[in-house]
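[1] Fold the following.
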Amino acid sequence: METINKKWWTSPIDFFKPKSKTIEESNSENLVTPKSSAYFSSNSGNSRLLFVSSFDGEKNLGEIGPAQQYILNYVQLRERGWGFYLTNEVVQIIINRMTVWTIGRGLKLESEPNEMVLNSEGIKIDPQSFSDLVESRFSIYKESKMSTYDGMRNLSKLESACYKNSKIAGDVLVVLRVIKGVLKTQLIDGTHVISPMYGNDWNPQKLSNGNRIMNGVEMNDAGEHVAYHVRNADLTFSRILAKNPTTGLTVAYLVGGLEYRLDNSRCIPALAGLFETLAKMDRYKEATIATAEESAKTTLQIVHEANSTGESPYLQQIVQARDVSANDGTIPVDVQNTEIANKVAVSTNKQVFNMTQGSKLEPVEKSKAELYFKDFYSVFFDLVCAAIGIPPNVAMSKYDTSFSSARAAIKDWEHTLLVERYNFSLSFNQPIYEMWLHLEILQNKVSAPGYMIADRQNNYMVLASFRNARWVGDNVPHIDPLKEVTAERLKLGDTGASLPLTTLESATEVVNGGSSKANMKQYAKELEESKTAGIEVAQPPVKNPIP
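    As a prediction, the model looks like this:
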């Protein structure tokens, strides 16, 4: 009897050998499940070879091209980002609009201590009183210039600068410094964060303490940022710790724009993948404008017939305009006291060509370039806006579409704003607030029972509950507030007809009316003064009950 071939491959000689009709039966326990790479299909007793090949995303050879692994050049990407922001109006429009919409006048702190978690830890507080005090004190601190290291602008302005810089250049180093008991925030351009000797994403510098340096960022084995190496003006280097060794709070961190891969240590400009497209759009625009400008300069041509003498009919006016015989420094005028320089005959901004016999000046073809400029430019502008996540009509402040289209764009942008603010505030604002709150509690400015004990015991649940907060910005205005409210009211049905849809604080934020608490106190004061002055307040009419 023929022994079954156990090999997963077969040679051409074995393949064409006649197969034995008698095969020894085997027990099912001895059968081996074949792998996909060793599988042979059969048909009518004849084996077929299975061809195995790798798949790299390309179905037809040469259609995609070779696969590339990019090694990021952070220095050039950063400089390109600033170069495009300086010279390209599309980049300026998008970045400036996103900064205004996302940050605006600064994000507002909403302190929200988690009362339920604190109660579970045996800590009783009045969350409303805690929030009111913390929000009031932080508001004064944030709008004061004492909150920044250079003292030239307040924290809200620094917040806007950090967001814009991270989008344009890739990342910004934020350093928190405590000076005379006051927390001060400093921004350092990411270009100064570099490795002292060497060290990048693909060739990090190994340190004796086990850490590694990659593009100025010192990390441990877990990938945690331990310190940042900053080159000073005198070309020396400073090592700035990422966490305070006493409190363990973050005191230095990078705020980034666009993350590329997990293995990369730095971020890149938000428009890094669109630089080439932006450059071509700019060249197309400049070429079209230049063609239109040069074509507009040629306004007249003098065509001579066969019997023409070839003289220019404007020769006398040109001589008169120059006033060669008696130039007294003034521009000649005609009988109507109009300056001759305003006429085409002697204008220096236009061109008149005196053509020779048999020649004719034809205008440069400009129909295709100029007629389709809007279609070409607007399409690519929309693509750039979509790539960075802002609706084109929002970027251009053009709301000339239908109500449904405009509402869809605004609602989509509103969701994008919420995500943008959450990500940015988590990176920039939250570490500042946590350090500031820690100092306020240490200095007995804010009462937080159980906080210091939790800090010594490293009870992160209690600490996180006290530090819990969210950051809000200016709301996106409704296109038609009445329709929006009516739609929401209808969703509640008859049982919810009398329920309020908002609060005084929320309504005040929507109309940007300042502080609701301050407004109430001021209104109460003004109401008392009106009574003292004898001003009668009109009472609302009483509705008679339906019989």
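[2] CA atoms for contacts and neighbours, from now on please.
    Will do.
[3] Go ahead and confirm residue 204 touches residue 198.
    Yes - applying C-alpha atoms under 8 Å, one finds residue 204 in contact with residue 198, separated by 7.3 Å.
[4] Now for those two: what residues contact both?
    Common contacts of residue 204 and residue 198, defined by C-alpha atoms under 8 Å, 6 or more residues apart in numbering, comprise residue 213.
[5] Looking at the two, which has the bigger crowd around it?
    residue 204 (18 against 14; other C-alpha atoms under 10 Å).
[6] so where is the stretch 51-200 of the chain shaky, pLDDT-wise?
    Across the stretch 51-200 of the chain, nothing is flagged by pLDDT under 70.
[7] now the helices: where do they sit in it?
    74-87, 89-102, 115-120, 127-142, 155-169 (DSSP state H, counting those that start in this stretch).
[8] Same question for the stretch 301-450 of the chain.
    Under DSSP H, counting those that start in this stretch, the stretch 301-450 of the chain gives helices at 315-322, 367-371, 373-388, 392-396, 403-427, 429-442.
[9] So which of the helices of the stretch 51-200 of the chain is the most surrounded?
    Greatest average neighbour count among the helices of the stretch 51-200 of the chain goes to helix 155-169 (a mean of 23), per mean count of other C-alpha atoms under 10 Å.
[10] what angle sits between it and helix 429-442?
    150 degrees (axes from the mean of the first three to the mean of the last three C-alpha atoms, to 10 degrees).
[11] can you list contacts of helix 155-169?
    For helix 155-169, using C-alpha under 8 Å, 6+ apart, the contacting residues are 77-79, 81-82, 85, 95-96, 99, 103-107, 142-145, 147-148, 171-172, 185, 187, 190, 255-258, 268-271, 424, 428.
[12] re the thing from before, may I see the helices of the stretch 51-200 of the chain organised as JSON lines, with distance to residue 50 added?
    Output for the helices of the stretch 51-200 of the chain, formatted as JSON lines (distance: least, C-alpha to C-alpha, whole Å):
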{"stretch": "helix 74-87", "distance to residue 50": "46"}
{"stretch": "helix 89-102", "distance to residue 50": "53"}
{"stretch": "helix 115-120", "distance to residue 50": "61"}
{"stretch": "helix 127-142", "distance to residue 50": "69"}
{"stretch": "helix 155-169", "distance to residue 50": "51"}
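[13] Name the stretch among the helices of the stretch 301-450 of the chain that sits most buried.
    helix 429-442 (a mean of 19).
[14] Check which helices and strands that one is in contact with.
    If you count contacts as 3 or more C-alpha pairs under 8 Å, 6 or more residues apart in numbering; DSSP states H and E, helix 429-442 packs onto strand 182-189, helix 460-467.
[15] Which residues does the residue nearest to residue 422 when sequence neighbours are not counted form beta bridges with?
    In space, not counting the residues next to it along the chain, residue 422 is nearest to residue 471; the distance is 7.3 Å by C-alpha to C-alpha, 6 or more residues apart in numbering. Taking DSSP bridges as the rule, residue 471 bridges to residue 109.
[16] List the contacts of residue 471.
    Contacts of residue 471 by C-alpha under 8 Å, 6+ apart are 107, 108, 109, 110, 421, 422, 425.
[17] can you check residue 188 too?
    172, 173, 174, 175.
[18] can you count the residues close to residue 497?
    Look at residue 497: counted by other C-alpha under 10 Å, it has 12 neighbours.
[19] And the residue nearest to residue 386 when sequence neighbours are not counted, what's its pLDDT?
    With sequence-adjacent residues excluded and distances taken as C-alpha to C-alpha, 6+ apart, residue 386 is closest to residue 392, at 7.6 Å. Here the pLDDT value assigned to residue 392 is 87.
[20] Go ahead and confirm residue 392 touches residue 378.
    No - using C-alpha under 8 Å, residue 392 is not in contact with residue 378; the gap is 9.0 Å.
[21] quick revisit: by neighbours, which of the contacts of residue 188 wins?
    residue 172 (28 neighbours).
[22] what separates that one from residue 199, distance-wise?
    19 Å (C-alpha to C-alpha, to the nearest Å).
[23] And residue 394, by the same measure?
    Taken as C-alpha to C-alpha, the span from residue 394 to residue 199 is 42 Å.
[24] Minimum distance to residue 71: which of the helices of the stretch 301-450 of the chain has it?
    helix 373-388 (21.7 Å; C-alpha to C-alpha).
[25] what inclination does that closest one have with respect to helix 155-169?
    Calculated by the same axes, to 10 degrees, helix 373-388 forms an angle of 110 degrees with helix 155-169.
[26] And helix 373-388, what does it pack against?
    When contacts are defined as 3+ C-alpha pairs under 8 Å, 6+ apart, helix 373-388 sits against helix 275-297, helix 392-396.
[27] could you give the angle of it to helix 275-297?
    160 degrees.
[28] List of residues touching helix 373-388?
    By C-alpha under 8 Å, 6+ apart, helix 373-388 touches 90, 94, 270, 271, 274, 281, 285, 288, 391, 392, 395.
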